[in-house]
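J.: Below is the structure, and that's it, no one-letter string:
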């Protein structure tokens, strides 16, 4: 039955993430990236694509695939970060590029995922997303503080709906 949830997810993305929420997410990413040299990408998918289902991909597998498709890895300091939400599976994955992974332990991101998942279960999609982006921004600010003279915006800041 898992494949049915992915093939026919309905329209959960627009229900959970209406335009006003997407605008708030974009602003949170912009505000956060002023404090650090990381590049944060927030992506939401209603259900796994058919090819991923056939290949028996896990949400983590799909997040890694999206990380590559969106070129989150393509930053000068390898400080790209993907927050991937798969609504049909109620799954949240954070994928950090190698520059971040060398400095910040994955347990930090797992804890952020759990708190975000708890907020989503409570139906608090906007509040959860904003809190997660802020928490990620705080961690990135500690290890990759913004350079006021050289902090290019390398990736789009708007949330990606897949």
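T.: On my side now, so go ahead. Every value quoted in this text rests on a predicted model; they were computed, and no experiment measured them.

J.: List the buried residues of stretch 15-26.
T.: Neighbour-count burial for stretch 15-26, counted by 16 or more other C-beta atoms under 10 Å, picks out 16, 17, 21, 22, 24, 25, 26. For the C-beta atoms, the positions are set from N, CA and C on the backbone; glycine is no exception.

J.: In the chain, where is pLDDT below threshold?
T.: 1-11 (pLDDT under 70).

J.: Mind checking which of the buried residues of stretch 15-26 land in helices?
T.: Assigned to helices by DSSP state H, the following of the buried residues of stretch 15-26 qualify: 16, 21, 22, 24, 25, 26.

J.: Now the fifth one. Nearest residue, chain neighbours left out?
T.: Setting aside the residues directly before and after it, residue 25 is nearest to residue 159 in space (C-beta to C-beta, 6 or more residues apart in numbering), at 4.7 Å.

J.: tally of neighbours for the one you found?
T.: Residues lying near residue 159 (other C-beta atoms under 10 Å) number 22.

J.: wait, doesn't it sit right on residue 26?
T.: Yes - counting by C-beta atoms under 8 Å, residue 159 touches residue 26, with 6.3 Å between them.

J.: Can you get me a residue count around residue 48?
T.: 27.

J.: do residue 154 as well
T.: Residue 154 has 17 neighbours, counted by other C-beta under 10 Å.

J.: let's have the chain start at 30 instead
T.: Right, with 30 as the first residue, what we last looked at is residue 183.

J.: Who are the contact partners of it?
T.: By C-beta atoms under 8 Å, 6 or more residues apart in numbering, residue 183 lies in contact with 68, 103, 104, 105, 109.

J.: where do the helices sit along this structure?
T.: Counting by DSSP H, one finds helices in the chain at the ranges 31-36, 41-45, 48-62, 79-83, 88-98, 127-130, 135-150, 154-172.

J.: For the last one, enumerate the helices and strands it packs against.
T.: When contacts are defined as 3 or more C-beta pairs under 8 Å, 6 or more residues apart in numbering; DSSP states H and E, helix 154-172 packs onto helix 48-62, strand 68-74, strand 109-115, helix 135-150.

J.: tell me the angle the third one makes with helix 48-62.
T.: Think strand 109-115. Strand 109-115 and helix 48-62 are oriented at 160 degrees to each other (axes from the mean of the first three to the mean of the last three C-alpha atoms, to 10 degrees).

J.: May I see the ones in helices among the buried residues of stretch 44-55 arranged in JSON lines, with distance to residue 183 as well?
T.: What follows is these, written out as JSON lines (distance: C-beta to C-beta, whole Å):
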{"residue": "45", "distance to residue 183": "27"}
{"residue": "50", "distance to residue 183": "24"}
{"residue": "51", "distance to residue 183": "20"}
{"residue": "53", "distance to residue 183": "22"}
{"residue": "54", "distance to residue 183": "18"}
{"residue": "55", "distance to residue 183": "15"}
